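S.K.: Pasting a predicted model and its sequence here:
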Amino acid sequence: MGSSQLIVFGFVLTCGRIIDARFLSIRTPNYWEVEPAAAEPERKNSRLSVEQALRLQIEQTQPLSWRFPEDPVDPVITPPDKFELRQPVTTNRVAVRCGENKLQVEVSQDLLGLGMLIKPEEIMLGGCSATDVDNLSHVLVFESELHGCGSTLVMTENAFIYAFTLVYNPKVLSRSGIIRSQSAVIGVECHYPR
């Protein structure tokens, strides 16, 4: 038993010496110890980085020269020298004749000025339809008593005013649900002094 212990103890000592030799060959770094040859490249790099930092700081303290970019939109086109503003043309699409106790309204079938004639059943004066249609001049004629066709009477200090409403309501074309144009309401009045 003694010899086997001696062999194991010798083996452990041998292994320990091999491990010590390996650890002794590995050098532990000493951060406080500076070698002059190794420190020189770091100084050069540090000098360069300090110089670059100073140059960058100087560049940043100088004012920037920046301008807005050119506008990509085309310049405003000026109108020609002889530009004339077109005035709206007044057309006589509705004419009113006020009588002593009757009213006559003539309406052009091209009421909206689109070149499309309206049908007599699409326009009414109050609740009354056209009394006559002039197919040659494309005019619808409405005649009514002053108190008829849904008129309203407004009395002011100086006059009696009979007000009527001319309503254009276009019909839907076939099954498509397409309406030729929008509806329109036109006020018509007859003034009579007191």
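M.R.: Everything's here; your move. Numbering: from 1, shown residues only.
S.K.: backbone phi and psi for R55, please?
M.R.: Main-chain dihedrals, R55, degrees, to the nearest 10: phi -60, psi -40.
S.K.: Now do it: how many residues are near it, please.
M.R.: Residues lying near R55 (other C-beta atoms under 10 Å) number 10. Placement of C-beta: from N, CA and C, glycine included.
S.K.: any chance you could map the strands in this protein?
M.R.: Along the chain, counting by DSSP state E, strands occupy 94-98, 102-108, 123-125, 132-134, 139-145, 152-155, 159-168, 172-173, 178-179, 184-193.
S.K.: for these, which one ends up most surrounded?
M.R.: Neighbour counts (mean count of other C-beta atoms under 10 Å) averaged over each of the strands of the chain peak at strand 123-125, with a mean of 22.
S.K.: for that one, packing partners?
M.R.: strand 139-145, strand 159-168 (3 or more C-beta pairs under 8 Å, 6 or more residues apart in numbering; DSSP states H and E).
S.K.: and M116, which of the ones you listed is closest to it?
M.R.: strand 159-168 (11.9 Å; C-beta to C-beta).
S.K.: With adjacent residues omitted, what lies nearest to S108?
M.R.: R93 (4.4 Å; C-beta to C-beta, 6 or more residues apart in numbering).
S.K.: need the contact list for that neighbour.
M.R.: V107, S108, D110, L111, G113 (C-beta atoms under 8 Å, 6 or more residues apart in numbering).
S.K.: Having no further points to raise, I will conclude here.
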